[in-house]
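K.L.:
Sequence and predicted structure are below.
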Amino acid sequence: MPRRSLPLGPETLGLIEDARIDFLCAALVVRDGDNEPEFELPELIPNLDDDDAVYAFREQLIDVLAEFDPDELRPAETRSRRIRALATGKGVTSLKTIVAQKLDHESAEEFDEQPDPLCRSIWALLNARAIFEDAESFHFARQFRDHRKLYDAFEVDLENAVPIDAAAIDDLALAMRIKKVLELKPAISCTVKAIDLPGTDAHPASIMLIVRHGGPLSSVYNHRDDGRRAAIYYRPPNEATLIYTPSLRQIEVCADSPVVRQQVSDTFAEVALNHDISQKPLTWKRYNLTRFRSSLALERPAIEGYDIIRACVLEAEVRLGQWRRKLLLKVTLDDDIEAVADQYLGARNVFRRAERFSRIGIAVVYSRAGDATERTLNMTISGTKSCNLQSHKDPEERSLGFALLQEWGVLSAFRQIDPSDLRAMFAELVKLHDRVEDEVTGKYLRELGLDAQQLIEGGLLERRDRQDVVLIEDGDIDGEGDIKPSESKGMVRAVGPFGEDGGDVPASDLDKYALNADWLHETIMKLLKPLLTRRGSQQVLDQDLTLLGAMEIGDAEIPLYFARRLNDLKTVERLDLALRARNQAGVGIVLAASEQMPSHLGPNVVVPLLSNLAPADEEFVISRDGLEMAFRSNSALARGGATPQVLRSGKQSAVLHVPGKDPLNLTGAEQIKIFERLVAACKAGSPDVQVKQLMDGFGARNPQQAFRPKTWESILNVYIAKGEKRGYWRLVTDKTWPQAAV
C-alpha cells in the first residue's frame with residue numbers, strides 16, 4: 001500500500017494495513033472520551049476472502065480518517081500503538097500470560113479462538129479492558145532496567161526465602177496501607193493487583209504488583225468555540241509496578257517518584273513478607289565500576305572469619321562509544337586479565353582507557369576459619385544496580401561477597417540520611433538543586449562542605465567517571481591541562497597545554513557525580529512540608545516550579561510555591577507566564593532557591609529561601625516569621641500597587657506593576673525600556689506613544705518583536721494595546737492617571 005502525505009500516524013496506518021477488517025473497524029470506533037471525534041466508517045464490510053475488495057476497503061478507511069486533523073487522530077494513534085505492542089514480540093506472551101490467569105475459562109477459550117495475535121489484542125481491548133491494561137504493565141515490567149530514572153531495586157534481608165504467590169497477598173490490606181503511607185486523600189482510591197510471573201530463561205519466577213491511584217488534581221485550558229478559554233480539571237492516574245523475586249530476595253519497583261518507589265517497597269515487605277524494616281531496612285545497593293579504569297587487579301582484603309587466598313577479575317566488558325557497541329574479555333582463573341589484554345590488544349588497550357565498564361566478573365578463592373575446604377565465589381556486577389550475589393543460597397557467601405565489594409570500593413549500600421543531618425545541610429542541598437547542570441565535581445562538593453560518600457549512600461548522588469582535563473590558572477599557566485598519575489597518594493598531576501608542570505591536585509576533586517534530581521527534589525520538599533497548613537496537594541507545574549500547598553497567614557490560606565533557576569531570564573519569563581495563568585489562586589509566596597531573582601512571579605511574592613533559614617532549634621527549616629513579613633511587605637505590589645511603575649532588579653530584569661493586574665516580569669533591556677516609556681506617558685496624561693518614539697534606539701520596529709510569541713500573546717490587550725491612532729501604543733490600565741507636575 002503506497003504511503004501518502006497523510007495526517008494519520010504510523011501506528012494507525014500499520015493497524016489499518018495489518019488487522020482483519022472486521023476487528024479493525026471495531027478498534028477504530030472505540031472512543032475513550034466525548035472529546036474524541038466519531039469516525040463515520042463504511043457500514044458494509046466486504047467479503048474477507050475478496051482480496052481486491054478488502055484492499056479497497058482499507059483505502060477507503062484511510063480516506064475517511066484523512067479528513068481529520070492530526071490532533072483529532074492522536075487518541076486513535078495511541079490506542080493503535082497499545083494494540084500493536086501486545087501483538088508483536090514479547091507483547092504476545094505478556095498478553096497470553098495475564099489472560100491465562102485473569103480470564104474465566106469460557107472467555108479464555110474465546111480469546112484463543114481469535115485468528116491471530118493482532119485480533120487477540122483487539123479482542124482484549126474491546127472485551128477485557130482491565131486485563132489488557134494489566135498485560136501492558138506486565139509487558140513493560142521486564143524493561144524496568146531501561147528506565148534508570150524510574151527504576152530501583154531493593155534487597156530484603158530475610159533469614160529464609162518466603163514461599164509466596166499472588167494468591168497469598170491480601171490486595172485490600174496492602175492497598176489500604178499504601179494509601180496511608182502515600183498520604184492520599186480519602187476520596188482518592190488505591191487499587192493493588194497481584195499477578196504470578198512464571199519463570200523464564202532470563203528471569204526466575206516472580207510476583208508482580210500493580211499499584212494504581214489517582215494523582216493530585218490538575219488542569220488544562222480548553223479553547224472553547226466562543227473564543228474563550230476555560231479550565232478542565234482532572235485527576236491524572238499514577239501507577240507503580242513492583243516485582244518480587246523470592247529466590248533472589250529482591251524487590252524491583254518502577255514509579256515516577258523515588259520516594260514512592262521506596263515507600264511502596266517498604267510497605268510490600270512489611271505487609272506481604274512480614275518483614276520488620278525497622279530492624280532490617282531494605283537494602284538499596286549501588287555498584288561503582290569506575291575503579292577498574294585504573295586497574296583490573298584486586299587486592300586481598302582481610303575479612304574476619306575468612307582467609308582470602310586469591311581474588312581476580314575473570315571477565316570485563318566495556319562499551320565502545322555507544323551503548324550498543326561492546327567489547328568483552330574473558331580469561332581463566334590462572335590468567336592475569338591485564339597481561340592478556342596488553343598482550344593481545346596492546347599496552348594502551350581499551351580496557352586501560354575505558355570510559356565505562358558495563359560488566360565485571362570476579363572470582364574469589366577462599367576458605368572459612370576452622371575449615372580446610374578451599375572454596376570459590378563467583379560474582380558478576382552488571383551496571384550500577386545489578387549483581388548476582390543475591391541469588392546465592394548460602395547467606396554466609398552472600399555476606400562475604402558484599403563485604404569484599406565494599407572493601408574494593410565497588411559497593412555503596414543505601415543508608416537513610418538522618419533528618420537532623422538533612423536539615424543541617426539544607427542550604428547546600430538547595431544550592432545543588434538550583435544548578436543547571438546535573439553533574440558536579442568533588443571539588444564543588446568539598447567547597448559546599450558536603451560529604452560525597454554520605455550523599456551517595458543516601459541516594460542523592462551517583463558516582464560517575466573522573467575529569468581528564470582541568471583548568472589551570474596558576475603562575476604562567478593559563479588554560480586546560482591534562483591529568484596524569486602522581487607519585488603522591490590521593491593526588492594526580494596537572495600538565496599544562498605545552499607540557500608544563502601544573503602541580504598536584506587532589507584526585508577526589510576531579511571525581512564526577514550525577515545528581516539524583518528527583519530524589520533531591522523530594523528531599524527538599526519533605527523538609528519544607530511542616531510549613532504547610534494544607535497538605536496533599538503538591539503539584540509539579542514545571543520542571544523548575546512546584547506547588548507545595550498552602551500556609552496560613554492571618555486568617556487566609558496562602559498558596560506556597562518552590563522555584564529554582566530564577567537567575568536565568570528565560571526561566572523567569574516561562575514561570576511568570578505559568579503563574580499568571582494561575583492567577584485565580586490569589587496572591588501567594590514563591591520560595592526561590594536562587595540568590596538572584598525577580599521580586600514577583602505572576603501574582604506572587606518571591607522570597608529567597610537561603611535568606612530566611614531558621615535557627616537549628618526551631619521547628620521549621622525556614623523562618624515562618626520571615627516569610628510572613630516578606631509577604632505582608634510585598635503583597636500590595638503583587639496586586640499591582642497604587643500606581644503604574646517599572647521596578648528594576650538588574651540591567652536585564654525588572655517587574656511592571658499596574659494596579660489591578662498581576663505583576664509582569666520584564667527580561668531584557670528592550671522590554672524594560674518599552675514599558676518604562678509607556679508608564680511615563682501614562683503618568684504624564686498622554687498615554688499614546690508613537691511606535692517610532694517607543695522603539696527609539698532599538699533594532700526592532702515593533703514592540704511585539706521584543707517578546708517571545710507566547711508572552712506577547714498573553715500581554716497583548718492586557719498590559720499593552722494599540723493606541724487610538726494608527727502607529728501608536730499605550731499601557732493598558734483600569735483608570736486615567738493625573739498628569740505629572742511639570
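P.N.:
Sure, I can see it. Numbering: from 1, shown residues only.

K.L.:
just so I have it, where are all the helices in the stretch 351-500 of the chain?
P.N.:
With DSSP state H, counting those that start in this stretch, the ranges of helices along the stretch 351-500 of the chain come out as 395-407, 419-424, 426-433, 442-448, 452-457.

K.L.:
Out of those, which is closest to Trp729?
P.N.:
Of all the helices of the stretch 351-500 of the chain, it is helix 426-433 that lies closest to Trp729, at 40.4 Å by Cβ to Cβ. Just so you know, the C-beta spots here come from the backbone N, C-alpha and C atoms, and that holds for glycine as well.

K.L.:
Can you spell out which helices and strands pack onto that closest one?
P.N.:
Applying 3 or more Cβ pairs under 8 Å, 6 or more residues apart in numbering; DSSP states H and E, we find helix 426-433 packed against helix 442-448, helix 517-528.

K.L.:
Any chance of a markdown table for the ones you listed, columns mean pLDDT and distance to Asp625?
P.N.:
Shown next, in a markdown table, are these (pLDDT from 0 to 100; distance: least, Cβ to Cβ, whole Å):
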| stretch | mean pLDDT | distance to Asp625 |
| --- | --- | --- |
| helix 442-448 | 88 | 27 |
| helix 517-528 | 87 | 16 |
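
K.L.:
Just put the ones you listed in a markdown table and tack on distance to Gly409.
P.N.:
Formatted as a markdown table, those follow (distance: least, Cβ to Cβ, whole Å):
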| stretch | distance to Gly409 |
| --- | --- |
| helix 442-448 | 14 |
| helix 517-528 | 22 |
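
K.L.:
Of those helices, flag the one that's most buried.
P.N.:
Mean neighbours per residue, mean count of other Cβ atoms under 10 Å, is largest over the helices and strands packed on helix 426-433 for helix 517-528, with a mean of 19.

K.L.:
before we move on, back to that, wait, which of the helices and strands packed on helix 426-433 is closest to Ser649?
P.N.:
With Cβ to Cβ as the measure, helix 517-528 is the member of the helices and strands packed on helix 426-433 nearest Ser649 (24.3 Å).

K.L.:
quick one, the closest one and helix 426-433 angle?
P.N.:
150 degrees (axes from the mean of the first three to the mean of the last three Cα atoms, to 10 degrees).

K.L.:
what's helix 517-528 packed up against?
P.N.:
Checking 3+ Cβ pairs under 8 Å, 6+ apart, helix 517-528 ends up next to helix 258-271, helix 419-424, helix 426-433, strand 545-553, strand 556-563.

K.L.:
Next secondary structure element downstream of the last one?
P.N.:
Past strand 556-563, heading to the C-terminal end, the next element that is a helix or strand (DSSP states H and E) is helix 569-580.

K.L.:
need the next SSE after that next one, C-terminal direction.
P.N.:
That would be, after helix 569-580 and using DSSP H and E, strand 588-592.

K.L.:
what are the pairing partners of the lengthiest strand in the chain, and which direction each?
P.N.:
The residue-count maximum for a strand in the chain (DSSP state E) belongs to strand 306-320. Sheet pairing for strand 306-320, assigned by DSSP bridges, gives strand 322-330 (antiparallel), strand 357-368 (antiparallel).

K.L.:
Dump those to TSV, plus mean pLDDT and mean neighbour count.
P.N.:
Below are the strands paired with strand 306-320 laid out as TSV (pLDDT from 0 to 100; neighbours: other Cβ atoms under 10 Å):
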stretch	mean pLDDT	mean neighbour count
strand 322-330	79	11
strand 357-368	90	19
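
K.L.:
Count the neighbours of Lys529 for me.
P.N.:
Neighbour count for Lys529, taken as other Cβ atoms under 10 Å: 15.

K.L.:
typo on my end, Glu304
P.N.:
6.

K.L.:
Pretty sure it sits in a helix.
P.N.:
No - using DSSP: H, G, I helix; E, B strand; the rest coil, the assignment for Glu304 is coil, not a helix.

K.L.:
Quick one: residues contacting it.
P.N.:
Under the criterion of Cβ atoms under 8 Å, 6 or more residues apart in numbering, Glu304 has no contact partners.
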